[in-house]
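Peer 1: Next comes the sequence, and after it the predicted model I'd like to discuss.
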Amino acid sequence: MSHSLDLYKVLSWSLAARSHCGPTYVNELLKDEENYRFPGLISFRYDQLVRLLKSAHQEASPSAFMKKFVSYEQTYLQYTMYAMPDIRVPTAIGVLDKMRFIPFNGEKQMSFYEWCNEKNCASTSLDLKNRVYFDRYSITPEIQLMSESRIHNSGIGEVSNFILNDYCEQNKLPLNLCI
């Protein structure tokens, strides 16, 4: 449980700041070394973690941000939670791989074990690179679904069709070329 609390503290401040104030605000905080001595980051990997965090918050699109933020999150976990013998040993021998999945809306998704078999990655979830790839693989469809849902709910498609139809009619273009 302490790993979850530590992870929450390390991750939540920048996510909350980005959500409420935007990525520019977070980037301004991270520009000045005096400002970014945030608690919780491990000292011997501090510069690496801050670089990853800066890189994530420089991305505007949710998908690009997520990909880089997952690298930051999993790198932090690699040197904290996964460094602890009670987590490292079972993870190294694959005990946790069938239980490692990211549920959305209460639906079970593919586990790391299933994903690794499908991709022939020949590792356990102790492998940082493959864990990052797995998380990106798991989260990306949800981000796309949210983006599509947002576009659908905004009605922008209907507005675009109306404008294109009007343009086609005014310029005597076949409608199938415009839509």
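Peer 2: Good, I have the coordinates.
Peer 1: Point me to the residue sitting closest to the centre of the chain.
Peer 2: Central residue of the chain (CA atoms, centre = their mean): M66, 2.6 Å from the mean position.
Peer 1: Neighbours of the spatially closest residue to Q109 that is not a sequence neighbour, how many?
Peer 2: What sits nearest to Q109 in space, not counting adjacent residues and going by CB to CB, 6 or more residues apart in numbering, is F101, at 4.9 Å. All C-beta atoms are positioned from the backbone trio N, CA, C, and that covers glycine. When neighbours are counted by other CB atoms under 10 Å, F101 registers 16.
Peer 1: Which secondary structure state does F101 sit in?
Peer 2: F101 falls in the coil class when you classify it by DSSP: H, G, I helix; E, B strand; the rest coil.
Peer 1: Tell me where the model's unsure across this structure.
Peer 2: Along the chain, segments meeting pLDDT under 70 span 1-3, 32-40, 147-148, 150-168, 171-179.
Peer 1: Okay, strands next: where are they in it?
Peer 2: In the chain, no segments count as strands under DSSP state E.
Peer 1: Not counting sequence-adjacent ones, nearest residue to P103?
Peer 2: Nearest to P103 is Q109, by CB to CB, 6+ apart, at 6.1 Å.
Peer 1: quick one: the one you found and T91, what's the gap?
Peer 2: Applying CB to CB, to the nearest Å, the value for Q109 to T91 is 19 Å.
Peer 1: between these two, who's got more neighbours?
Peer 2: Taking neighbours as other CB under 10 Å, Q109 and T91 compare with T91 leading, 21 against 15.
Peer 1: Quick check, the more buried one in contact with L128.
Peer 2: No: with contact defined as CB atoms under 8 Å, T91 and L128 do not form a contacting pair (11.1 Å).
Peer 1: What helices and strands are in contact with the longest helix seen in the chain?
Peer 2: Longest helix of the chain, by residue count under DSSP state H: helix 128-154. If contacts are counted by 3 or more CB pairs under 8 Å, 6 or more residues apart in numbering; DSSP states H and E, helix 128-154 sits against helix 62-78, helix 112-119.
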